[in-house]
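Q: Dropping the sequence and predicted coords here.
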Amino acid sequence: MPKKSTIASLADEQAAPGGAAAVDKAITVLAAFRSGDKVLSVTELAERTRLYKSTVLRVLASLAHGRLVQKTADGLWGLGPEVARLASVYSASFSLEDLVLPEMRALTERTGESVAFHVRQGDQRLVLYRVDSPQLLRDHVRAGDLLPLDRGAGGRVLMACAGAKGRLYDQVRRDGYVMVTGDRVPGLVGVSAPVWNAAHELVGALTLTAPEQRMQPWFVDALRHSAQTLTGQLGGG
């Protein structure tokens, strides 16, 4: 029997109170797969979970039986088809509006500024959802409005995620967000970030707008945090 490690595994550190240790181990193995991973070796899984390789192999055998992971011909491991089925069931269990609007309202409450959710519609962008700033001086846009795709923070994000060429779009793809001033309306600052689903498909662009004199540096982090929260709730990473 291998000597017990003095370093606690992630399953031990993150154990569910009153839960089952075997399930905790299985969860940490599944959670070891990160965005961009296609397959991982047993060694990589052991390093990421801090479990013994022998333990990882036993967990993988159970997960493979449930089609949550699958073994490739060269002995590596990837996520299995049951993960995709569960993601589909999860996505269908709520409406996008029920998920997005509460986060938008919370962001407006924190910042006092207007927040919109944009989706592409042909060569334009649609304001799918909108929460207005309580302040009189604001961007007067309504849900259902069609706006230019090539102007404004939300449009820039949608174009960047569609592969548009140019320095600005390259920067958006590198940074994961954009902030522009006067791009669509003089004196108006827009900050926008993409929201992704479990299949790494673009769901839309979450956008905060504020008059230039009210824009605060921390609004950028607040907007990005909200976009990341929605991405996580949609199963994206």
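A: Received it, and whenever you're ready, just let me know what you need.
Q: pLDDT below threshold where in this protein?
A: Residue ranges of the chain with pLDDT under 70: 1-6, 90-94.
Q: now the helices for it?
A: 10-13, 21-31, 42-49, 53-65, 81-92, 96-111, 153-161, 167-175, 218-233 (DSSP state H).
Q: can I see the domain layout of this structure?
A: 10-90, 94-233 (automatic domain parsing).
Q: Identify, out of those, the most deeply packed stretch.
A: Mean neighbour count, computed with mean count of other C-beta atoms under 10 Å, is highest for domain 94-233 among the domains of the chain, reaching a mean of 18. All C-beta atoms are positioned from the backbone trio N, CA, C, and that covers glycine.
Q: about what we covered before: the helices of the chain: which one's closest to Trp196?
A: Nearest of these to Trp196, taken as C-beta to C-beta: helix 218-233 at 4.9 Å.
Q: And for that closest one, what's in contact with it?
A: Helix 218-233 is contacted by residues 99-100, 103-104, 106-107, 110-111, 113, 115, 176-177, 179, 191-197, 203, 206-208, 210, 237 when judged by C-beta atoms under 8 Å, 6 or more residues apart in numbering.
Q: roughly how far is it from the heart of the chain?
A: Helix 218-233 has its C-alpha centroid displaced from the chain centroid by 9 Å (C-alpha atoms, centre = their mean, to the nearest Å).
Q: Next, the angle from that helix to helix 96-111.
A: Using axes from the mean of the first three to the mean of the last three C-alpha atoms, to 10 degrees, one finds that helix 218-233 and helix 96-111 are set 160 degrees apart in direction.
Q: Output helix 218-233 as CSV, nothing but the C-alphas.
A: Output in CSV follows, covering the C-alpha atoms of helix 218-233 (Å, rounded to 0.1, in the frame of the first residue of the first chain):
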residue,chain,number,x,y,z
TRP,A,218,-13.6,49.7,-11.5
PHE,A,219,-16.6,49.5,-13.8
VAL,A,220,-14.4,47.5,-16.2
ASP,A,221,-13.7,44.8,-13.6
ALA,A,222,-17.4,44.8,-12.6
LEU,A,223,-18.6,44.3,-16.1
ARG,A,224,-16.0,41.6,-16.8
HIS,A,225,-16.9,39.8,-13.6
SER,A,226,-20.6,39.8,-14.6
ALA,A,227,-19.8,38.4,-18.1
GLN,A,228,-17.7,35.7,-16.5
THR,A,229,-20.4,34.9,-14.1
LEU,A,230,-22.9,34.4,-16.9
THR,A,231,-20.4,32.4,-18.9
GLY,A,232,-20.0,30.1,-15.9
GLN,A,233,-23.7,29.7,-15.4
